[in-house]
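# generate a structure from the sequence data that follows.
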Amino acid sequence: MQKSQILKKVWDIGERVIHDRGFELVDVEFVQEAGSWYLRYYIDKPGGITLDDCQEVSEEISRRLDIEDPIPHSYILEVSSPGVERPLKKEKDFLKYIGSEVEIKVFEPIAGKKAFTGTLIDYKDGSVVLRVDSSIINIPHEKISSAKLKFKFNFDGQERKK
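Presented below is the predicted three-dimensional model:
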């Protein structure tokens with residue numbers, strides 16, 4: 001089974017478990033690091049995810065993965081929050097975080113650049129609209145290789161307000 005097929009199956013398994021609890025499945029990674037395979041689920045809910053939430057979801061996903069057995073080799077299962085630099089994957093992610101500072105990388109250069117940091121000002125017609133300094137840049141969603149919130153601290157160590 002190809003990695004993309006495994007990702008589809010483990011996403012579907014995770015989505016059922018997470019949806020049943022009213023949580024959001026933010027992302028799933030299936031990667032090999034230092035000779036071991038890791039299956040990572042990133043989950044969220046309004047008010048933030050707790051350690052108990054992660055444990056509960058991990059136990060249920062583990063049980064379902066054992067039953068459905070979509071991965072033919074050993075791996076390490078991890079469930080966590082997406083963190084303060086949450087990845088942005090879906091249209092609803094971009095719409096939810098309009099007004100936030102984001103970092104976007106693209107597959108091919110746009111206006112001579114492959115990475116942008118700026119304020120997310122809109123998402124329309126399948127494109128992210130970003131303000132970088134005084135310029136407005138439209139980035140088609142299909143050209144985005146990765147996007148995430150950009151977390152900044154004030155000088156006193158507090159989260160920067162918008």
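
# tell me the domain ranges of this protein?
The chain breaks down into these domains under the TED database: 3-80, 91-149.

# for these, give me CSV that also has mean pLDDT.
Output for the domains of the chain, formatted as CSV (pLDDT from 0 to 100):
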stretch, mean pLDDT
domain 3-80, 94
domain 91-149, 95
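
# quick one: list the elements packing against the strand ranked longest in the chain.
Identified as the longest strand of the chain according to DSSP state E is strand 113-124. Here strand 113-124 touches helix 91-96, strand 101-110, strand 127-132, strand 135-140, going by 3 or more C-beta pairs under 8 Å, 6 or more residues apart in numbering; DSSP states H and E. For the C-beta atoms, the positions are set from N, CA and C on the backbone; glycine is no exception.

# want to throw the ones you listed into TSV with mean neighbour count and distance to S58?
Shown next, in TSV, are the helices and strands packed on strand 113-124 (neighbours: other C-beta atoms under 10 Å; distance: least, C-beta to C-beta, whole Å):
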stretch	mean neighbour count	distance to S58
helix 91-96	16	23
strand 101-110	16	28
strand 127-132	18	32
strand 135-140	14	34
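
# first-to-last residue distance for stretch 16-24?
One end of stretch 16-24 to the other measures 10 Å (C-alpha to C-alpha, to the nearest Å).

# other residues contacting it?
Here stretch 16-24 makes contact (C-beta atoms under 8 Å, 6 or more residues apart in numbering) with L25, Y41, I43, D44, K45, I49, D53, E56, V57, E60, I61, R64.

# enumerate every residue touching the second one.
Yep, that's Y41 we're talking about. Contacts for Y41 (C-beta under 8 Å, 6+ apart) come out as G14, I18, L25, D27, V28, V57, S58, I61, L77, E78, V79, S80.

# ok so it is a helix residue?
No - read with DSSP: H, G, I helix; E, B strand; the rest coil, Y41 is strand and lies in no helix.

# of the contacts of Y41, closest to L149?
The shortest approach to L149 among these belongs to D27, at 12.7 Å (C-beta to C-beta).

# report the beta-bridge partners for E103.
Beta-bridge pairing for E103 (DSSP bridges): T117, K148.

# doesn't I144 make contact with it?
No - checked against C-beta atoms under 8 Å, the pair E103 and I144 is beyond contact range at 10.9 Å.

# E15: how many residues sit nearby?
The number of residues packed near E15 is 15, by other C-beta atoms under 10 Å.
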